[in-house]
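Undergrad: Turn this into a structure:
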Amino acid sequence: MNSFINKVAAITGAGSGIGRALALNLAGQGCNLAISDVNAAGLKETAEAARQQGVKVLKTVVNVADRAAVHAWADEVVREFGKVNLIFNNAGVAHAGTVEGSDYAEYEWIMNINFWGVMHGTKAFLPYLKATGDGHIINISSIFGLFAQPGMSAYNATKFAVRGFTEALRQELDMDACGVSASCVHPGGIKTNIAKTARMNDSLSKVTGQDADTARSQFHDQLLRTTPEKAAEVILNGVRRNQRRILIGGDAVATDLMQRSLPALYQRLVVTTMRLAARFAPKPKARVEQAAE
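TA: So this is what the prediction gives:
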């Protein structure tokens with residue numbers, strides 16, 4: 001797919017972050033949009049900004065964890081536009097906590113969105129993409145789909161699952177020679193709200209030496225370097241080149257190299273690094289309760 005002009009792209013999680021950046025970049029290239037999110041206000045802002053670039057935009061509030069809702073949205077997109085060429089399964093959330101300290105419900109919550117949301121989007125749109133003979137599925141994994149880290153088992157599980165699912169899908173599409181392809185995206189630290197909105201439980205302190213709020217703030221301020229706009233640019237360039245794996249940011253490239261070079265040893269290196277970081281981590285200030293007057 002060398003051009004996005006007059007194509008139709010469906011994007012989940014388009015109310016902010018990478019999803020919004022993808023929508024605006026594509027709109028600037030003459031691509032019509034079907035955007036969805038659970039955040040109606042953010043979705044409206046994205047739609048208004050995209051329409052200013054002269055493209056047709058359909059906005060729909062969709063929870064990607066709801067299979068029926070995603071399939072209904074895919075049907076709506078094709079009724080509205082007559083076709084759909086790209087699906088960006090971008091919507092995602094984060095959770096941090098140890099395996100022992102996390103509840104089943106926390107694992108189910110993140111799996112329903114990060115993995116099943118990708119599955120729902122892929123299955124719902126794939127028949128329509130094949131009908132065009134010129135389609136692409138873009139599934140957003142993560143740097144945490146390349147390597148594991150203590151305290152991130154739930155997030156790791158979902159992003160490794162997205163990676164395996166997408167790589168198998170790509171091979172099937174290659175064999176089918178149907179004109180549809182697939183790419184798996186591994187962003188490093190992107191300046192979005194995912195860290196601020198992440199669910200973290202107190203068991204994380206065993207790994208980081210910090211409470212959840214301190215760890216969340218430090219992660220957001222120190223590790224999120226790449227802008228959503230840059231991420232969108234890299235993703236779309238990767239789609240044009242039909243890349244199987246799209247890495248975003250120097251941290252993703254370095255992590256990929258580390259995991260390939262040291263597939264088992266990297267785990268020891270991570271443990272050592274995390275222990276040192278926890279030892280010297282700034283401790284949260286004690287809260288002072290104000291006496292009632």
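
Undergrad: hey, let's count contacts and neighbours off CA atoms from now on
TA: Fine.

Undergrad: For stretch 6-18, the averaged confidence score.
TA: The pLDDT scores in stretch 6-18 average 97.

Undergrad: ah, wrong one, I meant stretch 275-282
TA: 70.

Undergrad: next one: stretch 104-113
TA: Mean predicted confidence for stretch 104-113 is 97.

Undergrad: again, but for stretch 187-207
TA: 73.

Undergrad: and what of stretch 167-183?
TA: pLDDT averaged over stretch 167-183 gives 97.

Undergrad: Mind exporting the C-alpha coordinates of it to CSV?
TA: Output of stretch 167-183 as CSV, limited to C-alpha atoms (Å, rounded to 0.1, in the frame of the first residue of the first chain):
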residue,chain,number,x,y,z
GLU,A,167,3.0,-13.1,13.4
ALA,A,168,0.9,-16.2,12.8
LEU,A,169,-1.8,-14.1,11.0
ARG,A,170,0.9,-12.5,8.7
GLN,A,171,2.1,-16.0,7.7
GLU,A,172,-1.4,-17.1,6.9
LEU,A,173,-2.1,-14.0,4.8
ASP,A,174,1.2,-14.5,2.9
MET,A,175,0.2,-18.1,2.1
ASP,A,176,-3.3,-17.0,1.1
ALA,A,177,-2.0,-14.3,-1.3
CYS,A,178,-5.3,-12.4,-0.8
GLY,A,179,-3.9,-8.9,-1.1
VAL,A,180,-4.1,-8.3,2.7
SER,A,181,-1.1,-8.1,5.0
ALA,A,182,-0.4,-7.6,8.7
SER,A,183,2.2,-5.8,10.8
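
Undergrad: who touches it?
TA: 129-130, 133-139, 166, 184, 239, 242-246 (CA atoms under 8 Å, 6 or more residues apart in numbering).

Undergrad: I'd like to know which of these are part of strands.
TA: Of the contacts of stretch 167-183, the ones assigned to strands by DSSP state E are 135-139, 184, 245-246.

Undergrad: Quick one, which of the contacts of stretch 167-183 are buried?
TA: Using 16 or more other CA atoms under 10 Å as the burial test, these include 129-130, 134-139, 166, 184, 239, 242-246 as buried.

Undergrad: What is the nearest of these to Leu26?
TA: Relative to Leu26, the closest of the buried ones among the contacts of stretch 167-183 is Val239; by CA to CA it sits at 12.0 Å.
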